[in-house]
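Trainee: Fold the following for me, if possible:
(chains A and B)
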Amino acid sequence: MFPDSLNLSIRGPVNDFIQALVSGYGWVFKAISAVILKAVLFIEWILRGLPWWVVILIFMALAWQSSKRWTLTVAVGILLFFVGVLGLWDLTMQTLALMLMATIVSVVIGVPMGILVAKSRVMRNITLPVLDVMQTMPSFVYLIPALMLFGLGKVPAILATIIYAVPPLIRLTDLGIRQVDHEVVEAATAFGGSPNQILFGVELPLATPTIMAGLNQTIMMALSMVVVASMIGARGLGEQVLNGIQTLDVGKGLEAGIGIVILAIVLDRITQGFGKSQTEDPRNG
Amino acid sequence: MADIEIRNVYKIFGQDSKAALAMAKEGLNKSEILARSGCSVGLNNVSLTIGAGKIFVIMGLSGSGKSTLVRHINRLIEPTSGEVMFDGSNILTLDAKALRTFRMHRVSMVFQSFALMPHRTVLQNVVYGQRVRGLPKAEARDIGMKWIETVGLAGYDAKFPHQLSGGMKQRVGLARALAADTDVILMDEAFSALDPLIRADMQDQLLQLQQNLSKTIVFITHDLDEALRIGSEIAILKDGQVVQVGTPDDILERPANDYVARFVHRRQGRPEAHE
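Mentor: Residues are numbered from 1 along each chain as shown, chains lettered A, B, ... in the order given. Okay, here's the model as predicted:
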């Protein structure tokens, strides 16, 4: 047995800290919450406001744009149509809105962070362990404080999703930039390119395939949070899965599960395509 | 026209560069310094004067510091000690902005493995220097097309680098340096990655361009034949030190020491003394 006299608990201070945050700075979190909620409701309003066939056409256009393969384009159309047939259209759009919001915020945070991490050794040494924690910490541990600070509903769900989903984007942006051929960067420097010209004109374009792979991972991880998110009151497909399980309605759970899988496949193939189409492999010598 | 003068340049790679620099100045050699301080000496008291309008060749085997030395001329590498004078002013005192202007207008560079930007077309690569300066697209295009034609790549302007052969890629590299319209072009083993026939072609082309344009070209190579063929003056580098500087005739007829003599002998196909 480990001696009790050596026990040191951080429980009390952490609880006090959260308590103080809630009572003292609640308004800050309310304001943040309101902004995020507005944004996600706006996305949802667009997605649910558009006729279903327009949404399907948009996705098919994106699939074509990313892959130039008509098989994929048609498959995307059929899969999304199938979601509608299952009666999950509205829920799918709610989930999609949540995902889009989480992904947008992830990109806004993740890509600049990745650039900083690639450029600065200090940043890398600080950030990488934090990312490890973010990816391994059980999500309920931060879901509960998020609930206390932001209230029930979409906002804590989005924040929890971001915490879980942003690390691969940061890592792969960092990797992508560090993998850019050193001599090409040297050449840009030698011709008088400024740090900004080199970053936006050389490093980011050449890192794009890797960054897109990171975005793809982020979206996939965000989708895997859908059910957890629904536990704190985010509506959508996850809620349906939860409902199905709670009422032992296996069929209902499966339907919603299929909906999530279809959304995952569609988003995965489209983002993968965008990653590949940028790649210009040096094929002949 | 630009004279380049490199004065007592030392470059030490490693943690404890101060101690190693002191050792180098005392005259210890590369391996002693590495053993004592853990630092490797890139350049050891190099002084060279590179006259304007000529092809100056810096020759040495790998590890001799030749690529390090050439990167001092446009300050891609900062010396540990010493001065690099360009037209009489020390470029080491330039701040970041002035350094960029200097690189844009005075010195351009051609790289061993081409270093073309794979996501840009041949034309976009060639005009990179001009675009960085802020020249409008249309004007840059005219300049770019002219140089693409000069290096013999007319019709390839819209191709991407991965669609070209090695020799063509290096022509693009050369056109990029020429299009930047600088007095000085640094060529770091520019032809070393090319096969012999194409290499000879490129050497001819460089000599011809030099006759027409009279640029100052600092050419790095590990190949004595190439050095003798294109250089009007040759500096031979070994372990970060200049062993001999002279015209091709000087090198061939009056090698400064055994090291240089061995190069010359091997070239003439004679068996080496100990064989």
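Trainee: Spit out the contact partners of residue 122.
Mentor: No chain specified, so I'll use chain A. Neighbour list for A:Val122: empty [criterion: C-beta atoms under 8 Å, 6 or more residues apart in numbering or on different chains]. For the C-beta atoms, the positions are set from N, CA and C on the backbone; glycine is no exception.
Trainee: Actually, chain B is the one I wanted.
Mentor: B:148, B:153, B:156-161, B:164, B:172.
Trainee: Below-threshold pLDDT in the chain: ranges please.
Mentor: No chain in the question, so chain A it is. Low-confidence segments of chain A (pLDDT under 70): A:277-285.
Trainee: looking at chain B here, not the other one
Mentor: In chain B, residues with pLDDT under 70: B:1-2, B:268-275.
Trainee: Where does the closest residue to B:Asp188 other than its chain neighbours sit: helix, strand or coil?
Mentor: Sequence neighbours aside, B:Ile220 is the residue nearest to B:Asp188 in space, at 4.9 Å (criterion: C-beta to C-beta, 6 or more residues apart in numbering or on different chains). Of the three states, B:Ile220 takes strand under DSSP: H, G, I helix; E, B strand; the rest coil.
Trainee: quick one on the thing from earlier: of the contacts of B:Val122, which are in range of chain A?
Mentor: With C-beta under 8 Å from any C-beta of the partner chain as the criterion, the contacts of B:Val122 include B:160-161 near chain A.
Trainee: wait, the residue nearest to B:Asp188 sits on B:Met187?
Mentor: Yes - assessed by C-beta atoms under 8 Å, B:Ile220 is found in contact with B:Met187 at 6.4 Å.
Trainee: so which residue of the stretch 51-200 of chain A comes closest to chain B?
Mentor: Using C-beta to the nearest C-beta, A:Gly192 is the residue of the stretch 51-200 of chain A that sits closest to chain B, at 3.4 Å.
Trainee: Quick check: residues of the stretch 101-250 of chain B near chain A?
Mentor: B:101-105, B:107-109, B:111-113, B:115-119, B:128-129, B:132-133, B:160-163, B:165-166, B:176, B:180, B:186.
Trainee: What subset of those is buried?
Mentor: B:102-104, B:107-109, B:111-113, B:115-119, B:128-129, B:132-133, B:160-161, B:163, B:176, B:180, B:186 (16 or more other C-beta atoms under 10 Å in any protein chain shown).
Trainee: Tell me which entries of those lie within strands.
Mentor: Judged by DSSP state E, these include B:107-109, B:186 as members of strands.
Trainee: Show me which of those is closest to chain A.
Mentor: B:Met109 (4.3 Å).
Trainee: Disregarding flanking residues, what is the spatial nearest neighbour of the residue of the stretch 1-150 of chain B found nearest chain A?
Mentor: Residue nearest to chain A within the stretch 1-150 of chain B: B:Met104 (3.4 Å; C-beta to the nearest C-beta). Nearest residue to B:Met104, sequence neighbours excluded (C-beta to C-beta, 6+ apart): A:Gly192, at 3.4 Å.
Trainee: what's the burial count for the one you found?
Mentor: If you count neighbours by other C-beta atoms under 10 Å in any protein chain shown, A:Gly192 ends up with 24.
Trainee: Tell me who's in contact with A:Pro145.
Mentor: Contacts of A:Pro145 by C-beta under 8 Å, 6+ apart are A:Ile18.
Trainee: tell me which element it is part of?
Mentor: helix A:139-150 (DSSP states H and E).
Trainee: which residues of the chain fall in helices?
Mentor: Looking at chain A here, since you left the chain open. A:11-49, A:52-67, A:70-85, A:89-119, A:121-136, A:139-150, A:154-179, A:182-190, A:195-198, A:204-224, A:226-231, A:237-246, A:250-278 (DSSP state H).
Trainee: Actually, chain B is the one I wanted.
Mentor: B:17-26, B:30-37, B:66-73, B:96-105, B:122-126, B:128-133, B:137-150, B:166-179, B:196-213, B:224-230, B:248-253, B:258-267.
Trainee: The fourth one versus helix A:182-190: what angle between them?
Mentor: Direction vectors for helix B:96-105 and helix A:182-190, defined by axes from the mean of the first three to the mean of the last three C-alpha atoms, to 10 degrees, enclose an angle of 100 degrees.
Trainee: what helices or strands is helix B:96-105 leaning on?
Mentor: helix B:128-133 (3 or more C-beta pairs under 8 Å, 6 or more residues apart in numbering or on different chains; DSSP states H and E).
Trainee: got the CA coordinates for the helix it packs on in PDB?
Mentor: Provided in PDB are the C-alpha atoms of helix B:128-133 (Å, rounded to 0.1, in the frame of the first residue of the first chain):
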ATOM      1  CA  TYR B 128      10.300  34.100 -59.000                       C
ATOM      2  CA  GLY B 129      13.000  36.700 -58.400                       C
ATOM      3  CA  GLN B 130      11.200  39.400 -60.300                       C
ATOM      4  CA  ARG B 131       7.800  38.600 -58.700                       C
ATOM      5  CA  VAL B 132       9.300  38.800 -55.200                       C
ATOM      6  CA  ARG B 133      10.500  42.300 -56.000                       C
END
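Trainee: Okay, the closest residue to chain A within the stretch 151-275 of chain B and B:Met117: tell me how far apart.
Mentor: The minimum distance from the stretch 151-275 of chain B to chain A, using C-beta to the nearest C-beta, falls at B:His162 (4.4 Å). Separation of B:His162 from B:Met117 (C-beta to C-beta, to the nearest Å) stands at 11 Å.
Trainee: May I see the buried residues of stretch A:103-113?
Mentor: So stretch A:103-113, judged by 16+ other C-beta under 10 Å, has buried residues A:103, A:105-107, A:110-111, A:113.
Trainee: next one: stretch B:54-69
Mentor: So, applying 16+ other C-beta under 10 Å, buried residues of stretch B:54-69: B:54-60, B:64-69.
Trainee: Likewise for stretch A:70-89?
Mentor: In stretch A:70-89, counting by 16+ other C-beta under 10 Å, buried: A:72-73, A:75-77, A:79-80, A:83-84, A:86, A:88-89.
Trainee: Show me which of those is closest to B:Val245.
Mentor: A:Leu72 (63.7 Å; C-beta to C-beta).
Trainee: Touching, the closest one and A:Met60? I think so.
Mentor: No - contact criterion C-beta under 8 Å: A:Leu72 and A:Met60 do not qualify, at 9.3 Å.
Trainee: Would you mind listing the residues in contact with the residue nearest to A:Ile36 when sequence neighbours are not counted?
Mentor: Leaving aside its sequence neighbours, A:Ile36 sits nearest to A:Val155 (C-beta to C-beta, 6+ apart; 5.0 Å). The contact partners of A:Val155, by C-beta under 8 Å, 6+ apart, come to A:32-33, A:36-37, A:40.
Trainee: Let me see the contact set for residue 161.
Mentor: No chain in the question, so chain A it is. A:Thr161 sits next to A:98-99, A:102, A:222, A:225, A:229 when contact means C-beta under 8 Å, 6+ apart.
Trainee: I was thinking of chain B, sorry if that wasn't clear
Mentor: A:282, B:114, B:116-118, B:120, B:122, B:125, B:169, B:172.
Trainee: Let's see that with 7 Å instead.
Mentor: B:116, B:118, B:125, B:169, B:172 (C-beta atoms under 7 Å, 6 or more residues apart in numbering or on different chains).
Trainee: just B:Phe263 next, same as before
Mentor: Neighbours of B:Phe263 in contact, by C-beta under 7 Å, 6+ apart: B:Leu224.
Trainee: what sits against the residue nearest to B:Asp188?
Mentor: Shown in contact with B:Ile220 (C-beta under 7 Å, 6+ apart): B:58, B:66-67, B:70, B:187-189.
Trainee: Please repeat the previous calculation with a cut-off of 10 Å.
Mentor: Taking C-beta atoms under 10 Å, 6 or more residues apart in numbering or on different chains as the criterion, B:Ile220 is in contact with B:56-60, B:64, B:66-67, B:69-71, B:110, B:112, B:186-190, B:192, B:227, B:237.
Trainee: and stretch A:206-216 with chain B, contact?
Mentor: Yes - contact check for stretch A:206-216 against chain B, using C-beta under 10 Å from any C-beta of the partner chain: residues in range are A:206, A:208.
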